[in-house]
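*Asks:* Quick one: sequence and predicted model below, then my questions.
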Amino acid sequence: MKRSAVVGTLLLAGMCLLASSSLAQTPSSVCAMDSLRLLSPDTIDVEYVSTGRVGVNITWPEVDDAVTTCVAVTDTVGLGVPINLDGIYADSVDRQLELFCLNGGAVGATGNRSVVLEWANVNLISTGQVIGRINLSNNGGLLGRSAAGWQKLNDGLLPYLPRTDILHLAESPVAGGGLLAHVRGNLSKGLWYLSGPDGTWTRLAEDVFPDGTIDDVGITAIAYSPDSADVFAVGTVQDGLFITRDGGITFTQYQSEFAEDGNWSLRDVSALSWAAADRLLVAIGNLGLFWSTDGGTTFDHLSAFLVSQDFPSGGGNVAPSINTILDRGAAGLLVGVDSFGLYESIDGGASWLWLWNALLNPFSEPKDVTAILESPLDGDNLTVGTRTSGFWWTPNGGEDWIPLVGDVEWPVQEGYPQVNNLIIDADAGRYLATVDGLGILSCAVGDTAWALSDIADTGILSYSEILISGFEGVDYLLGTYGGGIYTPNTEIRLSDSIVAAQTDAEYRDLDLGLYITFGEGTFAESTTFGMVFQDFQGYAVWRSELTDPDTMELVGLYDKSNPEFCIEGYCGDESYNVLPNCYADKRAACFNFSNPGTVVFFDDNVYEGFTYNYAVTTFDYGNIATASPISLTAEQLFSARYPGDALSIFGGGGNRAELYVHQDAVDPRHGPEIFAYPNPLRLDSGFSGAEGEDVRFKNLPPESRVQVFTLDGDIVADLGPDLQSGDIIAWTTRNGSELIASGVYIFKVLMPEREDFYGKVVVIR
């Protein structure tokens, strides 16, 4: 679904400036120059609180990120690729990214060399280490070969991965049953399903097979039931075996069926084979081989399958580390293991014959068998692939083993590259193998001469598995690794490209809110450019008095990236606690964000009977993505508080609102103590506009009357109920046009339902 705002666009020749969608939205050209247009909340509500902590609540809606953030691509001179940013910046701090493409290349390149874009947050100290990587090549994922050649079958897979590895593949033997794959970027990305060559990949059971490191949550093997496309088994690194019987909607986990207790982190499912309904074989590290004859309901341990603890001889017997299983039908099994090569059983696992002993001696190297082929013409004619020793062949069931080099130029390295899998293409009369660094090799059935296959024209070399395809019109399916699946103009969520292993833990799930698209074009070698993301710094609350509304005092400041707190708790609560020796308070603790989408500021520095004006603005320092917030020296910029506000360069009507601070008359019979304020009354202090003149009598019940006398008993003022406002009666200390003299005055409060109250007021001129 399309995001609601387009905030930045870069074209080949430079930036394309976008029209502002509102008064405050910042064009990308302005954003690139480290400027941000500020906007005040549309309205504020002000309310006097007379219970609990007495003060004023100022409430406003949080300003919309769509008009108070901006993004821009920078340093674009000579950049050969159009880049588009879509969405709304969602983080609360300014960020600057540095992007780097070392080797260069075309977006969507299909060759062997990947085009990888690395990015990093510039200010590691203040805004964290955030590292990202996007593979912009289109040379990976799943390939399908038809008469027209190899085509990519990646619709629905994740285009943002730094590498798209198809580690394990399994196709249902039931017609139309579909394909399963384990996908990895740098982390495991779970189990995926494809219905056919024209289908879209769908992720299955993300809660069962979540993202994570291969060592923690990786899938190790997949096997379909031979009878139903809705039934398949999935082996994992340390969570045991999972079987679904409803096409991946639900899974049953198996662990205790193999061992009642023990450390499962050391017991991964290393291989699976499901050749017939009664022949599900499961290999588990440290435990060995298990067999289920009832479709995975119960398992029997083939405990006789053991190897020497020390290669090539000596020590007690232990369960082997199994890499691959070839089910020969009836009671026949071939199993490839680490170090000891190949084992055979002809009695369903009751006993085992070591088929590699002719080659192993105290001076030989271990043989890790990773793939097995049995000739359809002769069961004693076996070919195996190994991890570091290439191909080996026996014509006589293991009595003699011959290394096969064939017409292949093996890479110069320590040992041979790993043989990942071996299959028989009976229709074509040939064997096929995938080999690290070499590609797809082939050999005629019954022959031993391996060579580069005539189908190895994919342009890339890193393959995991090749399958004979059951999809209509597709001959082979090929899983690759190390490549990318990006096509030009594909939109990806920028946060999805964060590399968790290189990013600070607190930022691994950072939502930047942005989507990035790379158009057709080519990056030169060592291309660098940048991105700027800005948000306003925080909120400011302003107050003025009735007689001078435009002279507004800053009473609260909340810096989103560096809030200062000298109060424990929220200052609007009675239980708040001012911290000792804390002098830098900007009243950040008086801001309350507990109600999403709304902000409240509490002002307790108010007086009964005063009229105040309040306004709320946003503020900013410009772009501080590379600065430390605690050492800022830049001038603060503010949005408008009221129309024509000279403080702001951004214009706008502001949100100034007026509030008369008072409360209703108190209970007629009971209430707080009555008092007068200011007391003493001094000539140059008191109420704004009435300094040295007005005194107010507070906490009066309804229908009160206040009389003021000199110490000699002469009446100075008689203030009736008609002058009462709420619980206050105001007295202007004049006798006609003259201010009354300094001295002590007695006041008497007459109330219908209480006894008279007496007090004193001191006047100092």
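*Replies:* Received the coordinates, thanks. Numbering: from 1, shown residues only.
*Asks:* Would you double-check that Ile516 falls in a helix?
*Replies:* No. Applying DSSP: H, G, I helix; E, B strand; the rest coil, one finds Ile516 to be strand, outside a helix.
*Asks:* Just give the closest residue to it, not the sequence neighbours.
*Replies:* Leu494 (5.0 Å; C-beta to C-beta, 6 or more residues apart in numbering). Where C-beta positions appear, they are placed from N, C-alpha and C, glycine not excepted.
*Asks:* Distance-wise, check that neighbour relative to Val174.
*Replies:* For Leu494, the distance to Val174 equals 41 Å [C-beta to C-beta, to the nearest Å].
*Asks:* Repeat that for Glu118.
*Replies:* 44 Å.
*Asks:* Which residue would you name as the spatial centre of the chain?
*Replies:* Per C-alpha atoms, centre = their mean, the C-alpha nearest to the average position across the chain is that of Asp509, at 2.3 Å.
*Asks:* shouldn't the residue nearest to Ile516 be in contact with Asn121?
*Replies:* No. Applying C-beta atoms under 8 Å as the test, Leu494 and Asn121 come out as separate, 11.7 Å apart.
*Asks:* sorry, back to before: and the residue nearest to the centre of the chain, what does it touch?
*Replies:* Asp509 makes contacts with Ser495, as judged by C-beta atoms under 8 Å, 6 or more residues apart in numbering.
*Asks:* how far away is it from Glu491?
*Replies:* Going from Asp509 to Glu491 by C-beta to C-beta gives 20 Å.
*Asks:* so where's the stretch 501-650 of the chain uncertain?
*Replies:* 562-565, 567, 576, 578-586, 627-634 (pLDDT under 70).
*Asks:* can we see that at 80?
*Replies:* Scanning the stretch 501-650 of the chain for pLDDT under 80 picks out the ranges 547, 561-570, 572-587, 607-609, 623-634.
*Asks:* That one: strands as residue ranges?
*Replies:* 514-518, 522-523, 527-535, 538-545, 553-559, 567-568, 577-578, 591-592, 598-603, 611-620, 637-638 (DSSP state E, counting those that start in this stretch).
*Asks:* same thing with the stretch 151-300 of the chain?
*Replies:* Counting by DSSP E, counting those that start in this stretch, the strands of the stretch 151-300 of the chain are 165-171, 179-184, 188-194, 202-204, 219-224, 232-236, 241-244, 252-254, 269-274, 280-284, 288-292, 300-301.
*Asks:* will you turn these into TSV that also has distance to Ala717 and mean neighbour count?
*Replies:* Shown next, in TSV, are the strands of the stretch 151-300 of the chain (distance: least, C-beta to C-beta, whole Å; neighbours: other C-beta atoms under 10 Å):
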stretch	distance to Ala717	mean neighbour count
strand 165-171	90	22
strand 179-184	87	25
strand 188-194	83	23
strand 202-204	82	16
strand 219-224	89	23
strand 232-236	88	26
strand 241-244	89	23
strand 252-254	87	16
strand 269-274	94	24
strand 280-284	97	27
strand 288-292	101	23
strand 300-301	103	14
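*Asks:* May I see those organised as JSON lines, with mean pLDDT added?
*Replies:* Putting those into JSON lines (pLDDT from 0 to 100) gives the following:
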{"stretch": "strand 165-171", "mean pLDDT": "96"}
{"stretch": "strand 179-184", "mean pLDDT": "97"}
{"stretch": "strand 188-194", "mean pLDDT": "97"}
{"stretch": "strand 202-204", "mean pLDDT": "98"}
{"stretch": "strand 219-224", "mean pLDDT": "97"}
{"stretch": "strand 232-236", "mean pLDDT": "97"}
{"stretch": "strand 241-244", "mean pLDDT": "97"}
{"stretch": "strand 252-254", "mean pLDDT": "96"}
{"stretch": "strand 269-274", "mean pLDDT": "97"}
{"stretch": "strand 280-284", "mean pLDDT": "97"}
{"stretch": "strand 288-292", "mean pLDDT": "97"}
{"stretch": "strand 300-301", "mean pLDDT": "96"}
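*Asks:* among these, which is nearest Thr324?
*Replies:* Nearest to Thr324 among the strands of the stretch 151-300 of the chain is strand 269-274; the distance by C-beta to C-beta comes to 5.6 Å.
*Asks:* Tell me what angle that closest one forms with strand 288-292.
*Replies:* Strand 269-274 and strand 288-292 are oriented at 30 degrees to each other (axes from the mean of the first three to the mean of the last three C-alpha atoms, to 10 degrees).
*Asks:* I'd like to know which elements strand 269-274 is packed against.
*Replies:* If you count contacts as 3 or more C-beta pairs under 8 Å, 6 or more residues apart in numbering; DSSP states H and E, strand 269-274 packs onto strand 219-224, strand 232-236, strand 280-284, strand 322-329.
*Asks:* With distance to Leu353 added, can I get these in JSON lines?
*Replies:* Below are those laid out as JSON lines (distance: least, C-beta to C-beta, whole Å):
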{"stretch": "strand 219-224", "distance to Leu353": "24"}
{"stretch": "strand 232-236", "distance to Leu353": "26"}
{"stretch": "strand 280-284", "distance to Leu353": "17"}
{"stretch": "strand 322-329", "distance to Leu353": "13"}
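*Asks:* Show me the one of these that comes nearest Gln253.
*Replies:* With C-beta to C-beta as the criterion, Gln253 lies closest to strand 232-236 of these, at 9.1 Å.
*Asks:* now could you export just the CA positions of the helix or strand hosting Gln707 as PDB?
*Replies:* Applying DSSP states H and E as the criterion places Gln707 in strand 705-709. Output in PDB follows, covering the C-alpha atoms of strand 705-709 (Å, rounded to 0.1, in the frame of the first residue of the first chain):
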ATOM      1  CA  ARG A 705     -18.900  40.000  52.100                       C
ATOM      2  CA  VAL A 706     -15.500  41.400  53.000                       C
ATOM      3  CA  GLN A 707     -15.100  44.500  55.100                       C
ATOM      4  CA  VAL A 708     -11.700  46.200  55.600                       C
ATOM      5  CA  PHE A 709     -11.000  48.500  58.700                       C
END
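*Asks:* returning to that earlier point: with distance to Ile88 as extra columns, can I get the strands of the stretch 501-650 of the chain in a markdown table?
*Replies:* Shown next, in a markdown table, are those (distance: least, C-beta to C-beta, whole Å):
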| stretch | distance to Ile88 |
| --- | --- |
| strand 514-518 | 8 |
| strand 522-523 | 27 |
| strand 527-535 | 10 |
| strand 538-545 | 19 |
| strand 553-559 | 21 |
| strand 567-568 | 32 |
| strand 577-578 | 38 |
| strand 591-592 | 23 |
| strand 598-603 | 19 |
| strand 611-620 | 16 |
| strand 637-638 | 21 |
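*Asks:* and Asn592, how many neighbours?
*Replies:* 17 (other C-beta atoms under 10 Å).
*Asks:* Bridged to the closest residue to it other than its chain neighbours, which residues?
*Replies:* Of all residues beyond its chain neighbours, the one nearest Asn592 is Val600 (4.3 Å), with distances taken as C-beta to C-beta, 6+ apart. Per DSSP bridges, residues listed as beta-bridge partners of Val600: Thr59, Asn592.
*Asks:* Surely Val600 touches Gly55?
*Replies:* No. Counting by C-beta under 8 Å, Val600 sits too far from Gly55 to count as a contact (11.2 Å).
*Asks:* got any residues that touch both of those two?
*Replies:* Residues touching both Val600 and Gly55 (C-beta under 8 Å, 6+ apart): Gly572.
*Asks:* how close does the nearest residue to Ser345 once chain neighbours are set aside get to Leu97?
*Replies:* Leaving aside its sequence neighbours, Ser345 sits nearest to Leu333 (C-beta to C-beta, 6+ apart; 4.5 Å). Using C-beta to C-beta, Leu333 is found at 55 Å from Leu97.
*Asks:* try Thr394
*Replies:* From Thr394 to Leu97 the distance is 57 Å (C-beta to C-beta).
*Asks:* can I assume Thr69 is in contact with Asp535?
*Replies:* Yes. The pair Thr69 / Asp535 is scored as a contact, 4.8 Å apart, by C-beta under 8 Å.
*Asks:* For the chain, which helix or strand comes out least confident on mean pLDDT?
*Replies:* The weakest-scoring helix or strand in the chain, judged by mean pLDDT, DSSP states H and E, is strand 14-15 (a mean of 28).
*Asks:* No further queries at this time; thank you.
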